[in-house]
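*Asks:* Below are the sequence and a predicted model; questions follow.
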Amino acid sequence: MSEQPRALRWRDHLPGLAIALGYVLVLVRTARNLGFSRDEGFYFHASSEYARWFDLLYHDRHAAVTRAAVDAAWGANHEHPALMKSLFGLSWLLLHEKWHWVARESLCFRLPGMLLAGLGLYLTYLFGARAYGRGAGVLAALLLGFMPRVFYHAHLDCFDVPVLTMWLLVVWCYWRSLDGGALWGVATGVTWGLALETKHNAWFLPVVVVLHFALTRGRDTRPGAPRGSLPIPTALVWMGLLGPPIFFGLWPWMWFDTFSTPTHQPGRLSEYVGFHLNHAYYNMEFLGVNYFRPPFPRGYLWAMVLFTVPTVTLVLFVLGLVSRAPSMARSLAWVLTLIPFGGRLGWVRRALSWAERGRDPRGTDLLLLLACAVPTGPWLSAKTPIFGGTKHWFPAYGPLAVFAGAGFLWAARQLAEALGPRVRAPWLVPAALGSLVVLPPVWQTAHSHPFGLSNYVPLVGGAPGAATLGLNRQFWGFTTGSLVPWFNANAPPNAAVFVHDTAWESWTMLQRDRWLRQDLRGEWQPAASDYSMVHHELHMNEVDYQLWTAYQSASTVHVLTYDGVPIVSVYARPRRQEP
Amino acid sequence: MTPSELDRGSPDPDARARVAVVRQRPWWRHLWVLVPVVVAAELVAQAVVSWRVPRTRDWQEARTVLARERRPGDLVASAPWWTDPLARLHFGDMIALKDAARPDATRYRRALVATAYGLEHPDFQGWTEASTTRTGRLVVRTLVNPHPVEVHYDFVDHLRAPDASVSRVGDATENCTWTTGEFVAGGGLSQGALPPPDRFRCTETWNYVGVTYIEDLQHRGRRCIWSHPVQGAAMVTRYERVPLGTILHGHHGIAYEAERGDDHGQSFAGPDGGPVVLTVKVDDTEVGRSTHTDGEGWKAFEFDTRAYAGTAHTVTFEVRASFAGMRHYCFEGDARTAVPR
């Protein structure tokens, strides 16, 4: 395998674009029966507020930039930066409100996230294709798209898949900047600013860049180093110059009281940082235990990756990692020169000589490894919250998929070698193996919908195995959407439904989309309702028992299941109970 | 022709060379075999997972079996525990609320358990399997309690006037009033147990004694008598003419979030997390006391009442805590006698 990246011609982009486009179309198509998560509900509201501000900005620029107008609009959900919510809002404002192109409001809010998901797959393809070959790129993109958890989150008007994409975009720009193009350095700065404006995971990106540069070009910082006069990468300079201005510039909430208030209290930046550093821990079930405060289990991340990412993807990732290990060793070999009098040692000379042959000056493999490892770093601490399940380390999945693509290519080559000239068409082995490899992820992903957060790989026995092991069954209450057909068919006119974990805006969106019957009423108190839902999460069992008190009955009238595992129970007031 | 035959005697020199190349390849270059093996394993496993899921008709057939086999006093349940909502859907009329929220299973002589995946329910560990009936992917198991008891009096069932009375006993005694049919206000995450429609109301609106359902530390629902302690006084629940057996058996616990602390990492240890003491008296003579401390969960107690067995007496439960804040306390009990097998 050559150690030099492949230049991509325009035709090389077509497979990636086709995968991206196909993925977005599948997302649009499958969003139809996916209920709305709690966070989506909050962002429906915030995005609408932001959209109204953009409308004001368009019509009266001076009025829009006053503090009163900014605070009124951007105060909503100001604990998260604004880029994606702005896009959600603008999409809704233009496609639904103004141009009337899209009838479903929820689709307008979700569309920017879906497009970012498509872009993420395209970038994954590009990375794989340029670093290892088109086959690797194709498999990488497909394996990323067909991770059931990624597929679920890719539908949402949330930030987790967008930041996966932005993470990869910044790493891509930085990687390209290592070829010396000044524009790629600027692009790294711009995209980092946008990534910061997407989600706070992006604050870890400088760690990737600095570590990569130190490990691959550390020798350039020594006195008398042969290459380069600037000991830091230009991309890092641009990140420093452009990242913060873009972060603050695109987030109107930060325009006032940025660092301190007029009364010398900590400003909005401190509030933002403090919110995430002191975030509530919430609840998460893992191996039968409901964790709600530190210490959290250190094995959580590794176990959840193992339990939720299709096993063949992980096997290919490991093969890819191992097959690329020599290249990483070549990038790191210069460290041997730090050994005192190392030059006199024969083995050091031999190692350095080996490393120089075919060394990738960009340190591509090492960069991907860092881009994969750094997002998982926070979970080395037992104090890092685990309530987000897998979504909080999504940025690791793009590079993971690229390695899986490399692993696929390695396996295909070994198979082709083993078969020898019996197979005359060189494309046949990778095509056949590739088709085989994507089968389990595609099946698992298709089977997971619309219960993406309840899905676990067959390795652990799927959802029933996970329920027995005591793994979280869902969060965010989005499975209410799967009950809509039942309520539409069974609830009497004007029935009141206790919505439990469904956010209010998520419930009302079901009706704004004309999915749920307009006469049904959301209700917060079980005793005032005709029906009650309980979303099954371990720590929410108390709601079951509240209903037993309110209804004086433990009988359910409907249980929504996924692979036989209860996801949501529906209770009816005894007078409403079917005979 | 096998590879070794090819190697030795194939007339095709290319074939011989191929075999030689394969043989010379280091072992790790054969790791590609893992890929199709894992693909095949995942596909088969996925199919098996789907195939093993009990279907609706399996539950319905199990219902027919249960209806036929069930005797008065039997407990109907399902295993593993996470199938419980499905059992309450399909066998709802055979699972009374008090059975769903049972304190334990010791009072039942038999349990009919619709079982999936061959898994057990923790309540029936050590019980003897008397028979099994397969209904599709479920198995209805008839389990027999190896230590049966006869329950003479359930204190939770009798928490109502005039069987019971409630008072707060401090410097002064204040009687709480029996009310019925009140609106069950509240509900939702972190709201804890709800006050029941029928309850003894004391002076402050939050302070009552009534039968509710708490989430215990193991997340099980328990039917019990809510008796939040008050500062500087005892909450006293008194029953008249209770037919006693040889044992007074019961449990006490604190509702989940009050016992564990909140999800901001705050513990209720300290003034708001102290122990709660339950004292049981028969005719004003103490027969036992049990102290509940955070972390103990749904805690069992048994007091010897052989001296009173076979006769009716006044039984009093007194609840005290040095620090009453956040003590969402609940207890249950019954008078029973072990039945010789």
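*Replies:* Sure, I can see it.

*Asks:* Please identify the helix or strand for residue 43.
*Replies:* This is for chain A. A:Tyr43 is part of helix A:38-59 when elements are defined by DSSP states H and E.

*Asks:* ah, I was thinking of chain B
*Replies:* Taking DSSP H and E as the definition, one finds B:Leu43 inside helix B:34-52.

*Asks:* From the chain's centroid, how far away is the helix holding A:Tyr43?
*Replies:* What separates the centre of helix A:38-59 from the centre of its chain is 22 Å, taken as Cα atoms, centre = their mean, to the nearest Å.

*Asks:* ok, and for it, which residues are buried?
*Replies:* A:38-57 (16 or more other Cβ atoms under 10 Å in any protein chain shown). For glycine as for every other residue, the C-beta is placed from the backbone atoms N, C-alpha and C.

*Asks:* Report the spatially closest residue to B:Leu34, excluding sequence-adjacent ones.
*Replies:* A:Val315 (5.7 Å; Cβ to Cβ, 6 or more residues apart in numbering or on different chains).

*Asks:* And the pLDDT for that neighbour?
*Replies:* For A:Val315, the pLDDT comes out at 98.

*Asks:* so how many other residues sit close to it?
*Replies:* 22 (other Cβ atoms under 10 Å in any protein chain shown).

*Asks:* Check the secondary structure at it for me.
*Replies:* Judged by DSSP: H, G, I helix; E, B strand; the rest coil, the three-state class of A:Val315 is helix.

*Asks:* Kindly report the same for the one 3 residues further on.
*Replies:* When states are read from three-state DSSP, the local structure at A:Val318 comes out as helix.

*Asks:* Tell me, how many residues neighbour it?
*Replies:* 15.

*Asks:* Now do the contacts for it.
*Replies:* A:Gly407 (Cβ atoms under 8 Å, 6 or more residues apart in numbering or on different chains).

*Asks:* okay, it: pLDDT?
*Replies:* 98.

*Asks:* any idea how far it is from B:Arg29?
*Replies:* Distance of A:Val318 to B:Arg29, given as Cβ to Cβ, to the nearest Å: 15 Å.

*Asks:* just B:Thr212 next, same as before
*Replies:* With Cβ to Cβ as the criterion, B:Thr212 and B:Arg29 are 66 Å apart.

*Asks:* re the thing from before, contacting residues around the helix holding A:Tyr43?
*Replies:* A:36, A:63-65, A:69-70, A:72-74, A:76-77, A:82, A:84-86, A:88-90, A:92-93, A:97, A:106, A:109-110, A:156-158, A:252, A:476-478, A:501-507, A:509.

*Asks:* Same list, the residues you listed, but only the ones touching chain B.
*Replies:* A:Asp501 (Cβ under 8 Å from any Cβ of the partner chain).

*Asks:* List buried residues within the contacts of helix A:38-59.
*Replies:* A:36, A:64, A:69-70, A:73-74, A:76-77, A:82, A:84-86, A:88-90, A:92-93, A:106, A:109-110, A:156-158, A:252, A:476-478, A:501-503, A:505-507, A:509.

*Asks:* since we're on residue 181, how many residues are nearby?
*Replies:* No chain specified, so I'll use chain A. So A:Gly181, with other Cβ under 10 Å, has 13 neighbours.

*Asks:* nope, chain B
*Replies:* 6.

*Asks:* Help me confirm that it is found in a helix?
*Replies:* No - per three-state DSSP, B:Gly181 lies outside any helix segment and is coil.

*Asks:* Scan the helices and strands of chain A for the one with the lowest mean pLDDT.
*Replies:* helix A:346-356 (a mean of 88; mean pLDDT, DSSP states H and E).

*Asks:* Can you list the buried residues in whatever helix or strand comes next after that helix?
*Replies:* Note on helix A:346-356: by DSSP H and E, the next helix or strand toward the C-terminus is helix A:364-373. Within helix A:364-373, the residues scored as buried using 16+ other Cβ under 10 Å are A:Thr364, A:Asp365, A:Leu366, A:Leu367, A:Leu368, A:Leu369, A:Leu370, A:Ala371, A:Cys372.

*Asks:* thought the second one was touching A:Met328?
*Replies:* The one in question is A:Asp365. Yes - when contacts are counted by Cβ atoms under 8 Å, A:Asp365 is listed as touching A:Met328 (4.8 Å).

*Asks:* Going by proximity to chain B, name the top residue of the stretch 101-250 of chain A.
*Replies:* Nearest residue of the stretch 101-250 of chain A to chain B (Cβ to the nearest Cβ) works out as A:Leu139 at 10.9 Å.

*Asks:* give me the number of residues near residue 133?
*Replies:* Unless you meant another one, I'm taking chain A. With other Cβ under 10 Å as criterion, A:Gly133 counts 21.

*Asks:* wrong one, chain B
*Replies:* 18.

*Asks:* and it, helix, strand or coil?
*Replies:* Per three-state DSSP, B:Thr133 ends up strand.

*Asks:* May I have the phi/psi pair for the closest residue to it other than its chain neighbours?
*Replies:* Spatial nearest neighbour of B:Thr133, chain neighbours left out: B:Val140 (4.6 Å); criterion: Cβ to Cβ, 6+ apart. Main-chain torsions, B:Val140, degrees, to the nearest 10: phi -90, psi 120.

*Asks:* Contact partners for A:Ile232?
*Replies:* By Cβ under 8 Å, 6+ apart, the neighbours of A:Ile232 are A:Phe213.

*Asks:* scratch that, A:Gln511 is what I was asking about
*Replies:* A:Gln511 neighbours (Cβ under 8 Å, 6+ apart): A:Arg517, A:Gln518, A:Leu520.
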